[in-house]
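1. Fold the following, please.
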Amino acid sequence: MGRTLFPGSGAGSVLALTAPLSFWGGVNPENGRVIDPRHPQSGQSIAGQVTTIPRLIGSSSSSSVMLELIRGGCAPAALLLGAADAILVVGCLAGRELGYTCPPVVEVDPMTLLALRGGDARVEAAVDRAMIISADGA
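-> Residues are numbered from 1 along each chain as shown. Next comes the predicted model:
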């Protein structure tokens, strides 16, 4: 159902981002809000959400934004990515080393992203497998 990039579990309401996003300059690390004014979900918060993102717009600073979100308690409950992003996962790795609870990060296929457009979901990501369970059974 997905490829684990960072293991863990998380549950919450699904926030389906419909466009690529850069964490650096696109997400406020103090509160988790999407602050890129051109992004369709600008103003919405990823904090505590099972957040789906079709693709991240690269920046080597996205890991530091992710770490700040984790440190401040504003990280997503889980991240489901349409394309793997190793830089973002570095923020989770650093957070774990510092003793913080970090969200699972899973690469999923486009059909899974499309199926998760609202409601609630739970993500269970082990090193060898990942499961995404939505409230509506998708």
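
2. Parallel or antiparallel, which strands does the helix or strand containing residue 132 pair with?
-> Here residue 132 is covered by strand 130-134, with elements defined by DSSP states H and E. In the sheet, strand 130-134 lines up against strand 120-125 (antiparallel) (DSSP bridges).

3. list the buried ones in the strand it pairs with?
-> Judged by neighbour count (16 or more other Cβ atoms under 10 Å), strand 120-125 contains these buried residues: 121-125. Quick note: C-beta positions are derived from backbone N, CA and C, even for glycine.

4. nearest to residue 100, of those residues?
-> Among those, residue 125 lies closest to residue 100 (Cβ to Cβ), at 16.7 Å.

5. Which strand residues bridge the closest one?
-> Here residue 125, judged by DSSP bridges, has bridge partners residue 8, residue 130.

6. got the contact list for it?
-> By Cβ atoms under 8 Å, 6 or more residues apart in numbering, the residues touching residue 125 are 2, 4, 6-9, 78, 104-106, 131.

7. and it, what pLDDT?
-> pLDDT for residue 125: 96.

8. thinking again about what came up before, what residues of the strand holding residue 132 count as buried?
-> So, applying 16+ other Cβ under 10 Å, buried residues of strand 130-134: 130, 132, 134.

9. Just the C-alpha atoms of the helix ranked longest in the chain, please, in CSV.
-> For the chain, the helix with the greatest residue count under DSSP state H is helix 86-97. The C-alpha trace of helix 86-97 is given here as CSV (Å, rounded to 0.1, in the frame of the first residue of the first chain):
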residue,chain,number,x,y,z
ALA,A,86,14.9,12.1,1.3
ILE,A,87,15.7,15.7,2.4
LEU,A,88,12.4,16.0,4.3
VAL,A,89,13.0,12.7,6.0
VAL,A,90,16.3,14.0,7.4
GLY,A,91,14.2,16.3,9.6
CYS,A,92,12.4,13.3,11.1
LEU,A,93,15.7,11.4,11.6
ALA,A,94,17.1,14.4,13.5
GLY,A,95,13.9,14.7,15.5
ARG,A,96,14.1,11.1,16.5
GLU,A,97,17.7,11.5,17.6
